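In: Requesting a structural model of the entry that follows:
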Amino acid sequence: MRTPGSRALAYLLTTALVAGSFPVPVRAAAEYYGQVIFGGVAVPGAQVTATQGDTQLTTSTDAQGVFRIPNIADGAWTFRVEMRGFSTLTREVTIGSDTQPMMWELSLLPFEEITRGLPPPAPRPARAPDTASQSSSTRSQPNAPRPTTPQTGFQRAGVAPSQTPRQAAAAPPADEPPADSAAAADGFLINGSVNNGAASPFAQPSAFGNNRRRPGALYNGMVGGLFSNSVWDASPYSLTGIPTPRPDYYNVHLLGTFGGPIKIPRLQNRMNVFVGFQRVADDNAITQPALMPTALERSGNFSQSRDASGRPIRVTDPRTGLPFPGNTIPNDRISPQATALLGYYPQPTRGSDGLYNYEVPILSVMRQESLQSRITQNINQRNQVFGTASYQRTATDANNVFGFEDENASSAVDAQMN
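Out: Model (predicted):
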């Protein structure tokens, strides 16, 4: 009789033989990606150029500062990262099957170099002081120029208050400006507040909805879970026609992640840390039918036994080669070892029809916990430390129709440093 384990072993051997008969394919051109940051913050819009001989590939970073170069061939490439206001960053990267993603830390240029070549700011028009005496003088001389004062960063908005019909009738002539027009303008403007520097290379994302910059914006995390219970399951299908009790079990999937920069004393750059945890609890419940010895068969009486086709079962004496009288094995011919083993066989739950006379629910349990961590530390523009560490533990608990329980537990730790 072939068991599921023997079929699985045969399948693995066949797969290994078939796989070994074909050549190993050569790795095709893959995708390389990295992240451009400044002070632990992602830099979007940076231009990244990869050069190898006469081949040049160009891309730019997204909102998270990540750039991707698809279909890049293996070999040595020269990467160049450019961003206005920052020093150009150049590195030699060897692309291969084990190439890890890298963090690219930019350095800010001095203010003199950023503003070099820019035209001087244009002088702003001056404005007359808001005094009652100068307002009276201006009324007597409509065409006379008003005294000027230097303009500051705060300006009154040129908005006049709304007027009622009575106020409009009592208003001064159109050629005379109202004395309280400047005082009535309650609003004021701040220089540079119209576009908030959105056209500059130091533009920040809009503070709309939940996209707001706050002290914890450099960090990200996530917590999730998935739960299920056997309460919502239907009763198991019975092959023998006997109602089978529904086993109790539950499934739980929990996961959480956290990442962000961490400042370590005596290190100039922040260390980027990522930690992820996952716990899985899976229960698998099945209904297993079987054929167990009946009460007569346990005493050696096979006169009522039938096979799967309904024909009587004949028990032959190995000494004479003839059937036992009455198709019954004498008690003195049954070994005590066989009698002891009969105690491990459960009693049938229904009459035998030659196929099944016993059915029981079997529950298999799997518990798994895993922890992953990753650190990235930029020493300078040309040196970086990258490391990963992971831990995983798996415990299984399997049962069979005899009530035997097989427990197995394993754990593994893996760490790498580049």
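In: ok, residues contacting the one helix or strand Ala338 maps to?
Out: Assigned by DSSP states H and E, Ala338 belongs to helix 336-342. Contacts to helix 336-342, defined as CB atoms under 8 Å, 6 or more residues apart in numbering, come from residues 293, 298. Backbone N, C-alpha and C define where each C-beta goes, glycine included.
In: Next SSE downstream of it?
Out: Per DSSP H and E, the first helix or strand lying C-terminal to helix 336-342 is strand 358-378.
In: Point out the other helices and strands that that next one packs with.
Out: strand 102-105, strand 271-290, strand 384-399 (3 or more CB pairs under 8 Å, 6 or more residues apart in numbering; DSSP states H and E).
In: Determine the number of other residues adjacent to the closest residue to Ser410 other than its chain neighbours.
Out: Distance criterion CB to CB, 6 or more residues apart in numbering; nearest residue to Ser410, sequence neighbours excluded, is Thr394 at 5.5 Å. When neighbours are counted by other CB atoms under 10 Å, Thr394 registers 15.
In: Could you do Asn301 as well?
Out: 17.
In: can you pull the contacts of it?
Out: Applying CB under 8 Å, 6+ apart, the residues near Asn301 are 326-329.
In: Only whichever of the residues you listed are buried, select them in PyMOL.
Out: Provided next is the PyMOL selection string for whichever of those are buried by 16 or more other CB atoms under 10 Å:
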select buried, resi 327+328+329
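In: Quick one: the contacts of Asn301 as TSV, columns for distance to Val273 too.
Out: Below are the contacts of Asn301 laid out as TSV (distance: CB to CB, whole Å):
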residue	distance to Val273
Gly326	80
Asn327	76
Thr328	76
Ile329	72
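In: Can you name the element that comes right after the helix or strand of the chain with the lowest mean pLDDT?
Out: Scoring the helices and strands of the chain by mean pLDDT, DSSP states H and E places helix 4-20 at the bottom, with a mean of 41. As assigned by DSSP H and E, the chain's next helix or strand after helix 4-20 is strand 30-38.
In: Please identify the pairing partners of that next one and their relative orientation?
Out: The strands beside strand 30-38 in its sheet (DSSP bridges) come out as strand 41-42 (antiparallel), strand 66-72 (antiparallel), strand 102-105 (parallel).
In: which residues of the stretch 251-400 of the chain score low on pLDDT?
Out: 352-354 (pLDDT under 70).
In: circling back: ok, the residue nearest to Ser410 to Glu407 distance?
Out: Thr394 sits 12 Å away from Glu407, going by CB to CB, to the nearest Å.
In: Domains of the chain: list them as residue ranges, please.
Out: According to automatic domain parsing, the chain comprises the domains 27-115, 220-289+361-417.
In: for those, which one sits closest to Ser299?
Out: Set against Ser299 and scored by CB to CB, the domains of the chain come closest in domain 220-289+361-417, at 20.7 Å.
In: And the closest one, end to end?
Out: 24 Å (CA to CA, to the nearest Å).
In: ok, Asp54 - how many residues close by?
Out: Applying other CB under 10 Å, we find 5 residues neighbouring Asp54.
In: buried set for stretch 59-68?
Out: 61, 65, 67.
In: In space, what's closest to the second one - neighbours in sequence excluded?
Out: Right, the one you point to is Gly65. Among residues not flanking Gly65 along the chain, Ala42 sits closest, at 3.0 Å (CB to CB, 6+ apart).
In: Count the neighbours of the one you found for me.
Out: Applying other CB under 10 Å, we find 16 residues neighbouring Ala42.
In: That one pairs with what?
Out: With DSSP bridges as the rule, Ala42 is bridged to Ile37.
In: and it, what is it in contact with?
Out: Ala42 makes contacts with 35-36, 61, 63-66, as judged by CB under 8 Å, 6+ apart.
In: Repeat that for Glu405.
Out: Residues in contact with Glu405 (CB under 8 Å, 6+ apart) are 397-399.
In: Can you tell me which of the residues you listed are classed as buried?
Out: Judged by 16+ other CB under 10 Å, buried ones among the contacts of Glu405: Asn399.
In: hang on, the earlier thing: show me which of the helices and strands packed on strand 358-378 has the highest average neighbour count.
Out: strand 102-105 (a mean of 20; mean count of other CB atoms under 10 Å).
In: what's it in contact with?
Out: Here strand 102-105 makes contact (CB under 8 Å, 6+ apart) with 34-38, 81, 89, 91, 93, 269, 272, 376, 378, 381, 384, 386.
In: cool, and stretch 372-389?
Out: 89, 91, 100, 102-103, 105, 107, 267, 269, 271-277, 390, 413-418.
In: Once you drop chain neighbours, what's closest to Ile329?
Out: Distances taken as CB to CB, 6+ apart place Gly300 nearest to Ile329, at 3.5 Å, with adjacent residues excluded.
In: list the contacts for Asp414?
Out: Neighbour list for Asp414: 388-391 [criterion: CB under 8 Å, 6+ apart].
In: try Leu106
Out: 36-38, 43, 46, 81, 83, 86-87, 89.
In: For Ser410, see how far away it is.
Out: Taking CB to CB, one finds Leu106 at 45 Å from Ser410.
In: now Thr49
Out: 47 Å.
In: which of the two has more neighbours?
Out: Thr49 (17 against 9).
In: I'd like the next helix or strand past the helix or strand where that one lies.
Out: Assessed by DSSP H and E, Thr49 sits inside strand 47-52. For strand 47-52, the following helix or strand on the C-terminal side (DSSP H and E) is strand 55-60.
In: what packs against that next one?
Out: Here strand 55-60 touches strand 47-52, strand 66-72, going by 3+ CB pairs under 8 Å, 6+ apart.
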